[in-house]
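> take this sequence and fold it.
(chains A and B)
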Amino acid sequence: MDSIVIHSLRKSYGRNLPPAVDLQTDVTVAKGELFGIIGPDGAGKTTLFRMLATLVSPDAGSATLEGLDIVRDYRKVRTIIGYMPGRFSLYSDLSVRENLEFFASVFGKDIESNYGLIENIYCRLKPFEDRKAGKLSGGMKQKLALCCSLIHSPAVLFLDEPTTGVDPSSRRELWENLAQLKEQGMTIVVSTAYMDEADRCDRVAMMKSGRFLTVDSPSRIISGFDKRLLSVRSDEMFRLLNDLRTVSAVDKCYTFGDTHHITLRPGAGISPEDLGRELASEFSHRNVSVREIDATLEDCYMNLEDK
Amino acid sequence: MKEFFAFVRKEFLHIFRDRRTLLVLIGLPTMLIVLFGFAISTEIRNVNIGLYSQDDDIAVARLMEKIDQSEYFTYIGEYGSEEDVDMAMRRGEIDAALMFGPDFAASLYSDAGADISVVADATNPNNASMEVMYLTGIVADYFRDDVEEAVAVRMLASMSGDESGESVPTAMPGTVGPQLRMLYNPQLKSSYNFVPGIMGLILLLICALMTSVSIVREKETGSMEVLLVSPIKPINIVLAKMIPYFVISCAVLVNILLLTIFVLKVPVAGSFFWMILVSVIYIILSLGIGMLVSSLVKTQIIATLICGMIFLVPVMMFSGMLYPIESMPVALQWFAQTIPAKWFIEAIRKIMIEGVPVRYVTKEILIMTGMAVVIFAAAVIKFKDRLD
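Numbering: from 1, shown residues only, chains lettered A, B, ... in the order given. Got it, this is the predicted structure:
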């Protein structure tokens, strides 16, 4: 059963501005699916979330959550969704416990009735129950925010960049929590700018300039990558980047961690060894290493952009 | 209802956690009442006064003694010439002076009358006119008594042969002596004027400013986003915000009234019940203003500026608290009618100071109620339960 059905939503904030979101496609998310939206800052992720969470009305297109229209039935939609904005939006001057109690009672619930749902997350916060929410660490704040958006047991959960500004171990914990929630049948839509996290999603939508470039499972996106990909290093990384761009066989070139990744033009039969020799002789780079590698999701994203 | 009370509880927590703001809310009215009641007053006190008399006259000496005795003036001394008076005023020794012409005493009883010049330092025009008014009052008072006495003595003397002693006239024939009576505020205390004004100001400050800032803060911090995505009716979010400030306003109202009655000793002449009721209507009206502002703006600083500049300043200027509305140009008079505080202050003055029955303030009550309805309606219409 489809939990979320989106029909080419569009939203523009100003007449002269390009639309923040202009999907132009139909997307469905199944019940109990963990759906990721990845894209750089400014891709329109937050606007899309706000539209789905009934906070912003779309200019065109429509969407339903559990069969409820986000415009017409927005009051009902608000009872079945949980929404966690990208920015910490709880009350800094209230304690952890007070925040949770407040959000529970806003939904007409108490903490006990849905405690099972948040137990795994909240157990880490329990020692800090009386601390003011503003004094928590970044990861703790996100955990509390997640608890507050879960306390009424929503059918659909929207998490807008929940791992931004959170340390790696807390990020891992958060994704484990999401996996547990998914097992209980909750539909979860999560956005992130970190490509490595997208692997944990059932399906990801790659978003750029308000559009979904592709929507598929991470493994199929990777297996659909049809170009040869090389990883290049040398002692002068910055000069190397510019030099690589002048090599005729190189299609795209971008930094990836502490190496450069390049894709080769279709039909370019150059081998990694040839390229290494060319860089050493023509551009006098030292300690050049060129290896053929398998694509990651990020490589797929970088190469999707121009489509 | 449970959701609603959770909200109210949360708002109270916010307010009590922010102790400094709470202290200001409670302390500011107290400070203003004490300031306006004692320090800042339009009454004059301890005005230094000089004298230039061209001949020594016992009448002048006695007059100066009388002036010195009054709580308004202090007699500094006599100067030898008009120039000396001028110099003394420039040096700041005296604020006003009395100058008597030659043969003052003799001309007092003449038909042409005697001349007195009252000179005042008009750098501060308000003070100067007050000083001149008070001085002429004392002088006129003194000479009326004195001259009447003298005339009466002369008449008695001339009529000593007369048998019908009852028909002795008590005033000089042909003079008009106005009888002045200051109604409702016989001692001309400025606190009678300021207390209603301060109430109008403070209640607006707490209700409009604090409510709007507290709602807009939720928009700024992003918590409004989370609240909107909840089944609670958005209008309840706003109403729940008002309740704590309503309670605080009522506490402040009681505080102001207690200070007014027991510290400033301004009696409440009219009905306590109606005075409280009028204040409650005004509080609700101000809360509505705060709500309207909060639904129109996005940042706390703009909410503060709007409440501070667009609401508080007109309350000072156009409510009749500082300047009488009747003496303004017609356009501004019309504008003044739109200021809620104007009606509140008028109603409170009538009930509290004049002590009139409530039927004489029905107009004010109805206008304030009407304003409250309109503003609440506008706020509810303008309130958005979405972000855009």
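
> A:Asp59: what's it in contact with?
Contacts here follow C-beta atoms under 8 Å, 6 or more residues apart in numbering or on different chains; on that basis A:Asp59 touches A:Arg10, A:Lys11, A:Ser12, A:Pro19. Every C-beta, even on glycine, is put in place using the N, C-alpha and C of the backbone.

> which of those residues has the largest number of neighbours?
In terms of neighbour count, A:Lys11 stands highest of the contacts of A:Asp59 at 22 neighbours, by other C-beta atoms under 10 Å in any protein chain shown.

> do you know how far the residue nearest to that residue when sequence neighbours are not counted is from chain B?
Spatial nearest neighbour of A:Lys11, chain neighbours left out: A:Val21 (4.7 Å); criterion: C-beta to C-beta, 6 or more residues apart in numbering or on different chains. In this view, A:Val21 and chain B are 13 Å apart by C-beta to the nearest C-beta, to the nearest Å.

> pLDDT wise, what is A:Val21 at?
A:Val21 is assigned a predicted lDDT (pLDDT) of 89.

> how many neighbours does A:Glu66 have?
19.

> how about the residues of the stretch 101-250 of chain B that lie near chain A?
Counting by C-beta under 8 Å from any C-beta of the partner chain, the positions of the stretch 101-250 of chain B adjacent to chain A are B:Thr221, B:Gly222, B:Ser223, B:Glu225, B:Val226, B:Leu227, B:Leu228, B:Val229, B:Ser230, B:Pro231, B:Ile232.

> go with 7 Å
Within the stretch 101-250 of chain B, the positions near chain A by C-beta under 7 Å from any C-beta of the partner chain are B:Thr221, B:Gly222, B:Ser223, B:Glu225, B:Val226, B:Leu228, B:Val229, B:Ser230, B:Pro231, B:Ile232.

> not counting sequence-adjacent ones, nearest residue to the fourth one?
Pointing back at B:Glu225 there. Using C-beta to C-beta, 6+ apart and skipping the chain neighbours, the partner closest in space to B:Glu225 is A:Pro85 (5.0 Å).

> for the one you found, what are its contacts?
Shown in contact with A:Pro85 (C-beta atoms under 7 Å, 6 or more residues apart in numbering or on different chains): A:Asp160, B:Gly222, B:Glu225, B:Val226.

> can you do 10 Å?
Contacts of A:Pro85 were listed using C-beta atoms under 10 Å, 6 or more residues apart in numbering or on different chains, and they are A:46, A:49-50, A:53, A:55, A:145, A:149, A:158-162, B:222-223, B:225-226, B:229.

> which stretches of chain A form helices?
For chain A, the helices defined by DSSP state H occupy A:45-52, A:74-80, A:96-106, A:115-122, A:138-150, A:168-183, A:195-198, A:218-223, A:237-246, A:272-282, A:297-304.

> got the angle for the third one vs helix A:138-150?
Regarding helix A:96-106 and helix A:138-150, their directions subtend 20 degrees when assessed with axes from the mean of the first three to the mean of the last three C-alpha atoms, to 10 degrees.

> show me what helix A:96-106 is packed against.
Helices and strands touching helix A:96-106, by 3 or more C-beta pairs under 10 Å, 6 or more residues apart in numbering or on different chains; DSSP states H and E, are helix A:115-122, helix A:138-150, helix B:2-17, helix B:223-228.

> burial of residue 266, as a residue count?
Looking at chain A here, since you left the chain open. Residues lying near A:Pro266 (other C-beta under 10 Å) number 9.

> wrong one, I was asking about chain B
B:Val266 has 22 nearby residues by other C-beta under 10 Å.

> got a pLDDT number for it?
Note on B:Val266: pLDDT of 82.

> can you check B:Thr338 too?
At B:Thr338, the model reports a pLDDT of 89.

> and the angle from the longest strand along chain A to helix A:45-52?
The strand that spans the most residues within chain A, counting by DSSP state E, is strand A:2-11. Put simply, strand A:2-11 runs at 120 degrees to helix A:45-52, going by the same axes, to 10 degrees.

> may I see the buried residues of strand A:2-11?
Across strand A:2-11, burial judged by 16 or more other C-beta atoms under 10 Å in any protein chain shown covers A:Ser3, A:Ile4, A:Val5, A:Ile6, A:Ser8, A:Leu9, A:Arg10, A:Lys11.

> turn the residues you listed into a markdown table, including pLDDT.
Formatted as a markdown table, the buried residues of strand A:2-11 follow (pLDDT from 0 to 100):
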| residue | pLDDT |
| --- | --- |
| A:Ser3 | 91 |
| A:Ile4 | 94 |
| A:Val5 | 94 |
| A:Ile6 | 93 |
| A:Ser8 | 88 |
| A:Leu9 | 91 |
| A:Arg10 | 92 |
| A:Lys11 | 92 |
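
> out of these, which is nearest to A:Glu197?
A:Ile4 (19.9 Å; C-beta to C-beta).

> surely the closest one is in contact with A:Ala63?
Yes. If you go by C-beta atoms under 10 Å, A:Ile4 and A:Ala63 touch, sitting 6.9 Å apart.
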